[in-house]
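Asks: predicted model, plus sequence, below.
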Amino acid sequence: MNNEKNPLPDKTLEKLISRKLLDLFIRLGLLVFLVVYCYQIFKPFIGLMLWSLILAVALYPLHTLIVRKMGGRDGYAATALVLVIVLSVFIPTTLLAFSFADSSTDLVKQVQSGTLQVPAPSESVAGWPVVGKKVYALWSAAHTDLGGVVAKYEPKISVVTKQILGYAASAGKAILMFLAALVLSGVWMAYGSSGYAAAKAIAKRMAGPEEGEVLVALATATIRAVAQGVIGIACVQALLLGAGFILAGIPAAGIWALLVLLLGIVQIPAIFIALPTIIYVFYTNDSTTVAVMFAVYTLVAGMADNILKPLVLGRGVDAPMPVILLGALGGMATGGIIGLFLGSVMLALGYQLFMAWVYRKSEEENIKEVLVVSHVEPKR
């Protein structure tokens, strides 16, 4: 009755609802457009920004120590730290990268021209279990007629050589990106206090006041543990062994050093690369003293991770080896050499955050524990 006599309130309410919905859809559409457009603009720099943040978080404790030595000058401390890293790490890494590129190019040219000389295999090779006879036959064929072996396996060799040249080209790009990320990480470290406060504010907004603090602490510990304990140690081993390979005159020293780096990141002992080089030096070097010195140095550098990893990872979050392996391989498949570093760190971080969420106690369980500790019976 009232609706028939006075239809205006219903029409007014309908118009108001439709107007509010229209405003809501327009605002939501504009917001989605803004987010997508900002993402498209920021997309080329996502890898660089993530890598620089990882470096800043991993190096910040050292930066804090330098700040105390320099009287609280954050900017000067960040600049000094970046310069020291460039001089002590970037220069040897650049030399190894150029050595890798030169070794790859020379190897490809020698294989294509047929000038590559393969030494004769030892008779003991035929006695290797399972694959000894096949390896000995292939090695002997390559020693006597390398051109025939190359012609027989030409399709496979061409694929491998293209991949090697591709990695050689991407190595230079990765070094430049690392340098840019290192410089940008210096900027983050110079404003570390405000950045940490902003990270805590964002985390508290997302997960609440208490959970936000835990989230930031867990993320920081994970990044530092994986970056320092996995990637950092792998880089140190690659530099140490690579320098030894170059001084000992190992062919393709850059390639062997890169393999040490890759194996170190995926948690495979570097001794698998060190042993063949030791055998090569003993077979080719006339001086027994030099060979023994190289063997001792290589064995010590190859097993240094067994001492360094417990020291570094023991102070942070120990991520399982399969997580780091999958992150490294997946990151390399999607982002090249730089993705190898990012993938392991980001997947380890995601794993730790997920497991922290899985094992996090509910608020009701926490209240019950507090009541039990306080000897208070909960109300029923």
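Replies: Everything's here; your move.
Asks: after the helix or strand hosting residue 306 comes which helix or strand?
Replies: Assigned by DSSP states H and E, residue 306 belongs to helix 305-313. Proceeding N to C from helix 305-313, the next assigned helix or strand is helix 321-358, under DSSP H and E.
Asks: average pLDDT for that next one, rounded please.
Replies: Helix 321-358 carries an average pLDDT of 75.
Asks: before we move on, what about stretch 43-60?
Replies: 84.
Asks: CA atoms only: put stretch 53-61 into CSV for me.
Replies: The C-alpha trace of stretch 53-61 is given here as CSV (Å, rounded to 0.1, in the frame of the first residue of the first chain):
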residue,chain,number,x,y,z
LEU,A,53,67.5,-4.9,-2.5
ILE,A,54,68.9,-8.3,-1.9
LEU,A,55,72.5,-6.9,-2.0
ALA,A,56,71.5,-4.1,0.3
VAL,A,57,69.9,-6.4,2.8
ALA,A,58,72.9,-8.8,2.7
LEU,A,59,75.5,-6.1,3.0
TYR,A,60,73.7,-3.8,5.5
PRO,A,61,75.4,-5.3,8.6
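Asks: next one: that stretch to chain centre, how far?
Replies: Its chain's C-alpha centre and that of stretch 53-61 lie 13 Å apart, by CA atoms, centre = their mean, to the nearest Å.
Asks: and for stretch 197-209?
Replies: 26 Å.
Asks: can you pull the buried residues of that stretch?
Replies: By neighbour count on 16 or more other CB atoms under 10 Å, the buried set for stretch 197-209 is 199, 200, 203, 204. C-beta coordinates here come from the backbone N, C-alpha and C atoms, glycine included.
Asks: among those residues, which are in helices?
Replies: 199, 200, 203, 204 (DSSP state H).
Asks: measure the last one to residue 49 for me?
Replies: So that's residue 204. To residue 49, residue 204 is 22 Å away according to CB to CB, to the nearest Å.
Asks: ditto for the second one
Replies: Residue 200 sits at a distance of 19 Å from residue 49 (criterion: CB to CB).
Asks: ok, now the first one?
Replies: Counting by CB to CB, the gap between residue 199 and residue 49 amounts to 14 Å.
Asks: dump stretch 69-87 to PDB, restricted to CA.
Replies: The C-alpha trace of stretch 69-87 is given here as PDB (Å, rounded to 0.1, in the frame of the first residue of the first chain):
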ATOM      1  CA  LYS A  69      83.800   3.700  12.100                       C
ATOM      2  CA  MET A  70      83.100   6.800  10.000                       C
ATOM      3  CA  GLY A  71      81.200   8.700  12.700                       C
ATOM      4  CA  GLY A  72      77.600   8.100  11.500                       C
ATOM      5  CA  ARG A  73      78.000   9.100   7.800                       C
ATOM      6  CA  ASP A  74      75.700   6.800   6.000                       C
ATOM      7  CA  GLY A  75      76.300   8.100   2.500                       C
ATOM      8  CA  TYR A  76      80.100   8.000   2.800                       C
ATOM      9  CA  ALA A  77      80.000   4.500   4.300                       C
ATOM     10  CA  ALA A  78      77.800   3.200   1.500                       C
ATOM     11  CA  THR A  79      80.100   4.800  -1.200                       C
ATOM     12  CA  ALA A  80      83.200   3.300   0.400                       C
ATOM     13  CA  LEU A  81      81.600  -0.200   0.700                       C
ATOM     14  CA  VAL A  82      80.500  -0.200  -2.900                       C
ATOM     15  CA  LEU A  83      84.000   1.000  -4.100                       C
ATOM     16  CA  VAL A  84      85.700  -1.700  -2.100                       C
ATOM     17  CA  ILE A  85      83.400  -4.400  -3.500                       C
ATOM     18  CA  VAL A  86      83.900  -3.200  -7.000                       C
ATOM     19  CA  LEU A  87      87.700  -3.300  -6.600                       C
END
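Asks: that stretch - what's its average pLDDT?
Replies: 84.
Asks: so, low pLDDT: which residues of the stretch 151-300 of the chain?
Replies: 154, 157, 161, 164-172, 286 (pLDDT under 70).
Asks: strands along that one, start to end?
Replies: Taking DSSP state E, counting those that start in this stretch as the criterion, the stretch 151-300 of the chain contains no strands.
Asks: out of the ones in helices among the buried residues of stretch 197-209, which one sits closest to residue 82?
Replies: residue 199 (21.1 Å; CB to CB).
Asks: now for the nearest residue to that closest one once chain neighbours are set aside: which residues touch it?
Replies: Once flanking residues are discounted, residue 199 sits nearest to residue 216: 5.5 Å by CB to CB, 6 or more residues apart in numbering. Residue 216 sits next to 196, 199, 200, 203 when contact means CB atoms under 8 Å, 6 or more residues apart in numbering.
Asks: got the contact list for residue 67?
Replies: 73, 74, 77.
Asks: which residue comes closest to the first one once chain neighbours are left out?
Replies: Right, the one you point to is residue 73. residue 67 (6.8 Å).
Asks: got the phi and psi for that neighbour?
Replies: phi -60, psi -40 (degrees, to the nearest 10).
Asks: and residue 14, by the same measure?
Replies: Dihedral angles for residue 14 - degrees, to the nearest 10 - are phi -60, psi -40.
Asks: same thing with residue 304?
Replies: phi -70, psi -30.
Asks: leaving out the residues flanking it, which one is nearest to it?
Replies: Among residues not flanking residue 304 along the chain, residue 237 sits closest, at 6.1 Å (CB to CB, 6+ apart).
Asks: sweet, I'm off.
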